[in-house]
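*Asks:* return a 3D structure for these sequence lines:
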Amino acid sequence: MPEESKLLITEITRMGPGFCVIGLERQGAALRSIRPMPPAGYAWTSFPHQRGEVLRFTLSTVAATAPHLEDRKSQGILGCDGRAKGVKVCELLRQAEVADCLAQMFGAAVMERRHGGNIFLEPGTGTRSICGCEFSNLRFHRDGEDVKVSLTLPSGETMRSLPLVDRDWRLFIDRAAAAIQGANRAQRLKRFLDRFCRDRVLCDANRFARIGLSRPFEEACWFMLDTLFPLPEDAWLKEIA
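*Replies:* So this is what the prediction gives:
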């Protein structure tokens, strides 16, 4: 029978109307990422928990398809056993899956769309679908209603047009957009993100990112920005005024 597992929740991403969740599981001295899925489907229709909470699940093995080999079907959330602070979560993620360059990230060849610079893996390839990385530079930019980020890796490679799907960042950006009044709202939001927020992230010694892969779409598993540390602070919104 499936055994009860404890996962430290590290990612909560907004995917359309649902949420994708990833947690860290300790196996001896090692930490590995697990994607607990709801009893039905891939995404949670609601997820009233926060990053850093330790949640209990009963997880069963599913016939996972590369690169999403972290998938585990659950019977729902059994309970919460406490919470770790954000800095602690970031420290633990550095002990899990990490890479310094694109070739190390997912164990498969990285492809690039000719127009737009978006990068992806071919479905059915790869050895994992989540990986952490340090970065030396970033840029925010708007794409319609979405926010995308470009990250520069220690290798000097740049991952362009990463959809920012981190739930905490998305909620913060929604609040920032609502706080901007008057003319030129889109330009002012872009300036707030790509100047003030960018500076706050780059000045933080604990900056770190986690890159995830989407489910197959248009015959590709697209790179996404699942988590961006440091997490935004409500105090930053005062800069808008």
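*Asks:* and Thr127, how many neighbours?
*Replies:* With neighbours defined by other CB atoms under 10 Å, the count for Thr127 comes to 11. Just so you know, the C-beta spots here come from the backbone N, C-alpha and C atoms, and that holds for glycine as well.
*Asks:* next up, phi/psi of Arg167, please.
*Replies:* phi -60, psi -40 (degrees, to the nearest 10).
*Asks:* measure the closest residue to it other than its chain neighbours to Val147 for me?
*Replies:* Leaving aside its sequence neighbours, Arg167 sits nearest to Ile12 (CB to CB, 6 or more residues apart in numbering; 4.4 Å). Distance, Ile12 to Val147, by CB to CB, to the nearest Å: 16 Å.
*Asks:* what do you get for Arg83?
*Replies:* 27 Å.
*Asks:* which one's more surrounded, these two?
*Replies:* Val147 (22 against 16).
*Asks:* show me the contacts for that one.
*Replies:* Phe140, His141, Pro163, Leu164, Trp169, Arg170, Ile173, Leu193 (CB atoms under 8 Å, 6 or more residues apart in numbering).
*Asks:* ok, which pair from those residues is furthest apart?
*Replies:* For these, the maximum inter-member distance is 15.1 Å, found between His141 and Arg170 (CB to CB).
*Asks:* what's the pLDDT at Asp146?
*Replies:* Looking at Asp146, its pLDDT is 86.
*Asks:* before we move on, the earlier item: how is the residue nearest to Arg167 assigned, secondary-structure-wise?
*Replies:* The three-state label given to Ile12 by DSSP: H, G, I helix; E, B strand; the rest coil is strand.
*Asks:* so it sits against Phe19, correct?
*Replies:* Yes - here Ile12 reaches Phe19: they are 5.8 Å apart, a contact under CB atoms under 8 Å.
*Asks:* which residues are in contact with each of the two?
*Replies:* Common neighbours of Ile12 and Phe19, counting by CB under 8 Å, 6+ apart, are Phe47, Arg167.
*Asks:* residue boundaries of the helices in the chain?
*Replies:* Taking DSSP state H, the helices of the chain run over residues 86-93, 102-105, 167-179, 185-191, 198-202.
*Asks:* ok, Ile12 and Phe19, which is more surrounded?
*Replies:* Applying other CB under 10 Å to Ile12 and Phe19 shows that Ile12 carries more neighbours, namely 23 against 19.
*Asks:* quick check: beta-bridge partners of the more buried one?
*Replies:* With DSSP bridges as the criterion, Ile12 is bridged to Val21.
*Asks:* residue contacts, it?
*Replies:* Neighbour list for Ile12: Phe19, Cys20, Val21, Phe47, His49, Gln50, Arg51, Asp166, Arg167, Asp168 [criterion: CB under 8 Å, 6+ apart].
*Asks:* and for Pro36?
*Replies:* So Pro36 contacts Leu7, Val21, Gly23, Leu55, Phe57, Leu59, Arg72, Ser74 (CB under 8 Å, 6+ apart).
*Asks:* so the first one touches Phe57, yeah?
*Replies:* Right, Leu7. Yes - between Leu7 and Phe57 there is a contact at 6.3 Å, judged by CB under 8 Å.
*Asks:* all the strands of the chain, in order from the start?
*Replies:* Along the chain, counting by DSSP state E, strands occupy 4-15, 18-27, 30-37, 53-61, 71-83, 111-112, 119-121, 130-133, 137-143, 146-152, 158-163, 208-213, 221-229.
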